[in-house]
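Curious how this folds, go ahead:
(one chain, ligands or ions: 2)
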Amino acid sequence: MPVRVMKLLGVTHLVATNAAGGLNPKFEVGDIMLVKDHINLMGFAGNNPLQGPNDERFGPRFPPMNEAYDKTLIREAKRIAKELGLENIVHEGCYTYLGGPNFETVAELKMLSMLGADSVGMSTVHEVITGRHCDLTVMAFSLITNKCITAYDSNDNPNHEEVMDVGKMRQDVLKLFVQSIVKYIKQTEDSINP
Ligand SMILES: O=P(O)(O)O[C@@H]1C[C@H](O)[C@@H](CO)O1
Ligand SMILES: Nc1nc2[nH]cnc2c(=O)[nH]1
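Ligands and ions are numbered 1, 2, ... in the order given. So this is what the prediction gives:
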């Protein structure tokens, strides 16, 4: 619903962010993952934000989702990351989510890894689907706040405090990153519609 309100207010771009567990073993805590695709696991279970009668004022009944994440914005976000000296912590990958609020079991994470997910969270996909349905240009990124635990002999536990702490630790960098992306979008829009 907020996404559609944004659309009605004239918003053209959606930059979605989330805190997520890093499933890709190359990701470190504090890294940023630009989302290039998602797996709508909740959609597999029949939970989709576009369920119910379609409101044609917003978009078509059967919208494509193969190009949900704007390639130009991903490319520019990488360029910006380089300019800001963040290239070593910025990656690209596939996001998936479960409904939460519990963190995942080891078996669930092993399955998600086999499916091709690089980060796991509890949000974003519904907003992205709703945004693409009403033709917003979308980008998203995950802040990797913890490493997903895929071994039974690990003594670590994911916890919300760690998620919040890593978010705070990275807040200045993330603010700068988002500001730079928004600045790029504004400049591009201004050059199209002076
Ligand atoms: O950014 P989101 O809201 O997806 O963050 C995830 C989901 C929970 O709010 C939190 C759990 O620690 O991380
Ligand atoms: N589902 C899920 N959400 C998260 N948010 C931050 N870390 C995680 C995680 O490991 N799993």
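
Enumerate the residues of this protein near ligand 1.
By CB under 6 Å from any ligand atom, the residues of the chain that approach ligand 1 are 18, 19, 100, 121, 122, 123, 160, 163. Glycine gets a C-beta too; all of them are placed from N, C-alpha and C.

quick one: least confident of the residues you listed?
Among the residues of the chain next to ligand 1, residue 100 has the lowest pLDDT, at 92.

count of neighbours near the closest residue to that residue other than its chain neighbours?
Distances taken as CB to CB, 6 or more residues apart in numbering put residue 122 closest to residue 100, at 3.7 Å, once the chain neighbours are dropped. By other CB atoms under 10 Å, the residues close to residue 122 number 17.

And residue 122, its phi and psi?
Phi and psi for residue 122, reported as degrees, to the nearest 10, are phi -130, psi 20.

got the contact list for it?
Taking CB atoms under 8 Å, 6 or more residues apart in numbering as the contact definition, residue 122 lies against 18, 97, 98, 99, 100, 101.

burial count for the third one?
Read it as residue 98. Other residues near residue 98 come to 16 when the count uses other CB under 10 Å.

And for the first one?
Residues within reach of residue 18, counting by other CB under 10 Å, total 21.

Could you check how far the host helix or strand of it is from the centre of its chain?
Assigned by DSSP states H and E, residue 18 belongs to strand 13-22. Relative to the centre of its chain, strand 13-22 is centred 3 Å away, using CA atoms, centre = their mean, to the nearest Å.

how about the strands in the chain?
Secondary structure of the chain (DSSP state E): strands at 13-22, 32-39, 90-97, 119-121, 137-147.

Please name every helix or strand in contact with the longest helix belonging to the chain.
When the chain is parsed with DSSP state H, its longest helix is helix 171-192. Helix 171-192 is packed against strand 13-22, helix 71-83, with contacts defined by 3 or more CB pairs under 8 Å, 6 or more residues apart in numbering; DSSP states H and E.

Mind putting these into a markdown table with distance to residue 93?
Listed next are these as a markdown table, based on distance: least, CB to CB, whole Å:
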| stretch | distance to residue 93 |
| --- | --- |
| strand 13-22 | 9 |
| helix 71-83 | 11 |
